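J.: sequence? don't have it. structure:
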């Protein structure tokens, strides 16, 4: 696969990551001579007529997102046995790698990470696009920004919208960030599933632990659907977090979508208020 040329202009160089629907490659744009990211999608559900139509619609919507907190979509394709999505190449490391090296981010940096992700979500949700796979692997801590500030960029906005838990590759990590709607198999899905997943990601950034843990899929899904929502102050008592953080968590991780914060920007603003952190 390495060295393969996609659509006559993207040469695959090395694998950068895998998720439930495909593989992300660093590639060279042969016409422009610049690095680019290419995601090859081979999830079976994506190759049905309905899946292909959904992918095309989402890729076109993703290309319309204008946000400094999203990796820009520049091309896509519909092959006979795979779909592909091309996005700008960004230098940095994944939020998963950052958490792996630091353990957790702390109040101020968690507020910044959640704020950037929620700005990305607000731009996408305004177009009617739902991400459905927000987790630390899909957030890039991007370097080289003006003023030296790192930004958190949300990746992978176009792809099959819904991958049922039972269809996931068992070799991949369990879907710890899945919303209760998806975990319970609900046919109804909207932007509020993203707010749940962003909140689970923020919980991990803050405490260094995920709110729901299990070694197998079925117990994990059961926890997501009906286990008690853990308290960040009890999970990480050494941090002396403000009590309002627990209030934020209960609302952000409400099982009923209507009981969550009503928008991505309000979710982030409520976290900053609970944390006592000013907007940067």
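T.: Alright, I've got the coordinates. For clarity, every value in this text was computed on a predicted model and none was experimentally measured.
J.: in stretch 114-134, what's buried?
T.: For stretch 114-134, the buried set under the neighbour-count rule, 16 or more other C-beta atoms under 10 Å, comprises 114-125, 129-134. In this view, the C-beta of every residue, glycine as well, is placed from N, C-alpha and C.
J.: just give me how far it sits from the chain centre.
T.: Here stretch 114-134 is found 9 Å from its chain centre; the criterion is C-alpha atoms, centre = their mean, to the nearest Å.
J.: repeat for stretch 112-123
T.: 11 Å.
J.: ok, stretch 69-82 next?
T.: Distance, centroid of stretch 69-82 to centroid of chain: 17 Å (C-alpha atoms, centre = their mean).
J.: flag every buried residue along it.
T.: Of all the residues in stretch 69-82, those buried under the rule 16+ other C-beta under 10 Å are 69-73, 75-77, 82.
J.: out of those residues, what pair is the most spread apart?
T.: Greatest spacing in the buried residues of stretch 69-82, by C-beta to C-beta: 69 and 82 (28.2 Å).
J.: and the buried residues of stretch 114-134, which of them are in strands?
T.: Under the assignment DSSP state E, these contribute nothing to strands.
J.: mean confidence score for stretch 77-85?
T.: Stretch 77-85 carries an average pLDDT of 87.
J.: do stretch 252-269 as well
T.: 97.
J.: how long is it end to end?
T.: The straight-line separation of the ends of stretch 252-269 (C-alpha to C-alpha, to the nearest Å) is 12 Å.
J.: and the strands in the protein?
T.: Using DSSP E, strands in the chain cover 5-6, 10-18, 22-29, 34-41, 73-78, 83-88, 92-94, 139-142, 151-154.
J.: next, format those as CSV and append distance to residue 61.
T.: Shown next, in CSV, are these (distance: least, C-beta to C-beta, whole Å):
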stretch, distance to residue 61
strand 5-6, 22
strand 10-18, 21
strand 22-29, 18
strand 34-41, 16
strand 73-78, 9
strand 83-88, 12
strand 92-94, 24
strand 139-142, 20
strand 151-154, 14
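J.: nearest to residue 273, of these?
T.: strand 151-154 (19.4 Å).
J.: please name every helix or strand in contact with the closest one.
T.: If you count contacts as 3 or more C-beta pairs under 8 Å, 6 or more residues apart in numbering; DSSP states H and E, strand 151-154 packs onto helix 107-125, strand 139-142.
J.: what is the mean pLDDT for that strand?
T.: The average pLDDT for strand 151-154 rounds to 94.
J.: name the residues that touch it?
T.: 68-71, 90, 92, 95, 112-113, 116-117, 120-121, 124, 131, 134, 138-142, 145 (C-beta atoms under 8 Å, 6 or more residues apart in numbering).
J.: quick check: residue 265 touching residue 120?
T.: No - between residue 265 and residue 120 no contact is recorded; they are 10.9 Å apart, counting by C-beta atoms under 8 Å.
J.: rounded mean pLDDT for stretch 37-54, please.
T.: 84.
J.: report the buried residues of that stretch.
T.: 37-41, 43, 46-47, 51, 54.
J.: for these, which one is nearest residue 242?
T.: Once C-beta to C-beta is applied, the member of these that ends up nearest residue 242 is residue 37, at 38.4 Å.
J.: now residue 22: closest residue in space, sequence neighbours ignored.
T.: Closest residue in space to residue 22, ignoring its immediate chain neighbours: residue 41 at 3.9 Å, by C-beta to C-beta, 6 or more residues apart in numbering.
J.: and the one you found, how far is that from residue 70?
T.: 18 Å (C-beta to C-beta, to the nearest Å).
J.: and for residue 224?
T.: 26 Å.
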